[in-house]
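Novice: next one to model:
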Amino acid sequence: MDFRTLRETRGLTNAELARLSGVNNVTISQIEGGRIRSPTIWTVCKLADVLGVTAEVVANAIAETKVPA
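Specialist: As a prediction, the model looks like this:
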């Protein structure tokens with residue numbers, strides 16, 4: 001499951017996830033677009049907290065996100 005799918009299954013928009021996690025909306029968009037492949041551990045943990053999953057699940061979802069061609 002890629003990161004966008006993970007977010008969507010939790011019923012959150014990018015803006016909602018940004019507001020709840022404190023992670024910039026642009027950063028979330030870049031993660032979902034595959035432009036950020038290795039976010040900081042702080043970012044991963046904040047996203048995981050809001051999404052209700054472990055940091056490992058978030059890291060795996062980011063790894064599953066396709067890199068733009």
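
Novice: only C-alpha atoms for contact and neighbour calcs from this point on.
Specialist: OK.

Novice: just give the closest residue to Ser29, not the sequence neighbours.
Specialist: Of all residues not flanking Ser29 in the chain, Asn14 sits nearest, at 7.2 Å (C-alpha to C-alpha, 6 or more residues apart in numbering).

Novice: now the nearest residue to Ile28 once chain neighbours are set aside: how far from Thr40?
Specialist: Among residues not flanking Ile28 along the chain, Asn14 sits closest, at 6.7 Å (C-alpha to C-alpha, 6+ apart). As judged by C-alpha to C-alpha, to the nearest Å, Asn14 and Thr40 stand 18 Å apart.

Novice: more neighbours: which of the two?
Specialist: Asn14 (18 against 9; other C-alpha atoms under 10 Å).

Novice: at which residues are the helices of this protein located?
Specialist: Here the chain has its helices, by DSSP state H, at 3-9, 14-21, 25-32, 41-51, 55-64.

Novice: present the ones you listed as CSV; the columns should include mean pLDDT.
Specialist: Below are these laid out as CSV (pLDDT from 0 to 100):
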stretch, mean pLDDT
helix 3-9, 97
helix 14-21, 98
helix 25-32, 97
helix 41-51, 98
helix 55-64, 97
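
Novice: got a list of what Arg10 touches?
Specialist: Leu51 (C-alpha atoms under 8 Å, 6 or more residues apart in numbering).

Novice: model confidence for it, exactly?
Specialist: In this model, Arg10 is scored at 97, pLDDT.
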